[in-house]
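Q: Just a sequence and a predicted model for now, questions to come.
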Amino acid sequence: MNRLKIREILSRPSQGMPVDVCGWVRSRRESKGIAFIALSDGSCQDTLQLVIPEGSAAFPRLRGCNTGAAVRASGYLRESPGKGQSFEMEVSAMEVFGDADPVTYPLQKKGHTLEFLREIGHLRPRTNTYGAVFRIRNLLARAVHEFFQGRGFVWVHTPIITASDCEGAGDLFSVTTLDHENPPRHEGRIDFSKDFFGARSYLTVSGQLEAEFLSMALGDVYTFGPTFRAENSNTSRHLAEFWMIEPEMAFADLQDDMALAEDFFRFLCRTVAEQGEHELAFLEKQYKTISIAGIRGLGDKPFVRITYTDAVRELGKAAGKFEFPVEWGLDLQSEHERYLTDTVFCGPVIVTDYPRDIKAFYMRLNEDGRTVAAMDVLVPRIGEIMGGSQREERLEVLESRMRAAAISGGSLEWYVDLRRFGSAPHAGFGLGFERLVQYITGMPNIRDVIPCPRAPLSIRF
RNA sequence: UCCCGGGUAGCUCAGCCGGCAGAGCAGGUGGCUGUUAACCACCCUGUCGGGGGUUCGAAUCCCUCCCCGGGAGCCA
């Protein structure tokens, strides 16, 4: 099929040349003697205006060109006398691949709520909102690789199925081939030694532990892949299946980790502001939850850094404003994080050195013995977008922390082993990809930044 | 999982201290010589989320279940 994409046509319009375009009808407007079609092919935010005069051979085809129909149009490009677009295509011939019955096609020539569109997950990518979101998602995914590859990080593929059940990152989905009706039993309990892997296995909740051993060989590595949490979370910022990016650096401490996180985030903001301008402009205009200027600004401005202890002191000054208590040793609540990002610092904040007892066992114990070298990157509206730490590389300290957390060595023996052979300081963090997309696009609900959201009671598409 | 708010036409919603089920948009038909979610006129559209109860009578009151949204927790 000899066709041009709308993106190509509009980026270097060559007037008078014969062109073929294929796409889906967004809207059709008819006047006496002339008709207009807004055509989208997904290649860019803009639609191409097709002009069909009554004399055109394409005119009789209009009957099948309802909103949603897939068509091919042949004609030539020219400057548009109308307002709203610089160029348009006068159509001489048109072919309808597949019509869409206007009575039953759910997408109308009008605005729909995001809640309704979620119920037609297979059709919602055809709207300009989801088109914008998914193109930005692609842009960000590419930028993630550009950033790390440019710095010599190795993309490593950590497993999706794992036997580690004690990473302290929430409930897991089980993976099994055992007969659910009649599983093999040993002394009354299900005998997982008869299961596919000969042991209980799960969908991964994080690639970090594997990324750690790869970084202890390849130096700087990163993962970028799907992650699963079986938590019964019903919020606008949680998914049961989401994509996570987890860099891990050998010979690095928390300072290096923070510098990487900040450079990374700012690179992504700059890249999307440059390359996703049309999409961002649409979202800015349509929803008013983001601004291109704001995203560009994030790319330039350094993040505020504050220790947990200082953050608690800062929050203490406004204690009366909170529902939950602020006290050293307690985790920060959503309202506290929001106060820091939205009211005190008005932008992204990195909070470091949390109390040992509220953080994971693998985070490196600080000199004071009561805090760990952890960092959370908090952003307005979303809250925690990245979480990371310097890892505990000292064998005795790690073992003691695992005992305190009641984690048995068993399935994690290999993890502990890394501290026996050539252990070295290392650090990394995790970035929830959908939260990033959510933050950049301003979509209020995380279910609107992934094509097929997985959440409790939600697996239809 | 907990706390709030919702579920009425294809979509967005009004009606809710009980008494004939409504509007706008979409869709259909016709009109209009360049439209921009076109415009104008007319027409069509219902399991009032499901089940049970109170009542002469329930979209409306009560119970219960399901689903959706917002917030919280868990976290990325």
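A: Arrived safely, thanks for sending.
Q: can you tell if stretch A:68-83 touches RNA strand B?
A: Yes - using Cβ under 7 Å from any atom of the strand, stretch A:68-83 reaches RNA strand B at A:Ser80, A:Pro81, A:Gly82, A:Lys83. Quick note: C-beta positions are derived from backbone N, CA and C, even for glycine.
Q: Does A:Arg200 touch A:Ser174 like I think?
A: Yes - between A:Arg200 and A:Ser174 there is a contact under Cβ atoms under 8 Å: 7.1 Å.
Q: So which of those two has more stuff around it?
A: Shown here are A:Arg200 and A:Ser174; by other Cβ atoms under 10 Å, A:Arg200 has more neighbours (16 against 13).
Q: can you tell me how far the more buried one sits from A:His186?
A: Between A:Arg200 and A:His186 the distance is 13 Å, computed by Cβ to Cβ, to the nearest Å.
Q: thinking again about what came up before, just the buried ones out of the residues of stretch A:68-83 next to RNA strand B, please.
A: Buried members of the residues of stretch A:68-83 next to RNA strand B, scored by 16 or more other Cβ atoms under 10 Å: none.
Q: Redo those as a markdown table? Include pLDDT and secondary structure.
A: What follows is those, written out as a markdown table (pLDDT from 0 to 100; DSSP: H, G, I helix; E, B strand; the rest coil):
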| residue | pLDDT | secondary structure |
| --- | --- | --- |
| A:Ser80 | 91 | coil |
| A:Pro81 | 90 | coil |
| A:Gly82 | 88 | coil |
| A:Lys83 | 85 | coil |
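Q: Local confidence estimate at A:Ser74?
A: We have a pLDDT of 94 for A:Ser74.
Q: who are the neighbours in contact with the residue of chain A found nearest RNA strand B?
A: For chain A and RNA strand B, the shortest gap (Cβ to the nearest atom of the strand) falls at A:Gly82, measuring 2.1 Å. Going by Cβ atoms under 8 Å, 6 or more residues apart in numbering, A:Gly82 touches A:Gln49, A:Glu88.
Q: Phi first, then psi, for it.
A: Phi and psi for A:Gly82, reported as degrees, to the nearest 10, are phi -80, psi 170.
Q: cool, and the one 5 residues further on?
A: Its backbone dihedrals place A:Phe87 at phi -120, psi 160, with angles given as degrees, to the nearest 10.
Q: any idea how far A:Cys44 is from the nearest residue to it once chain neighbours are set aside?
A: Setting aside the residues directly before and after it, A:Phe87 is nearest to A:Pro13 in space (Cβ to Cβ, 6 or more residues apart in numbering), at 4.8 Å. A:Pro13 is 13 Å from A:Cys44, where distance means Cβ to Cβ.
Q: same check, this time on A:Gly198
A: A:Gly198 sits 51 Å away from A:Cys44, taking Cβ to Cβ as the criterion.
Q: same question, A:Gly294
A: With the distance defined as Cβ to Cβ, A:Gly294 ends up 23 Å from A:Cys44.
Q: Name the residue in the two with the higher neighbour count.
A: A:Cys44 (20 against 15).
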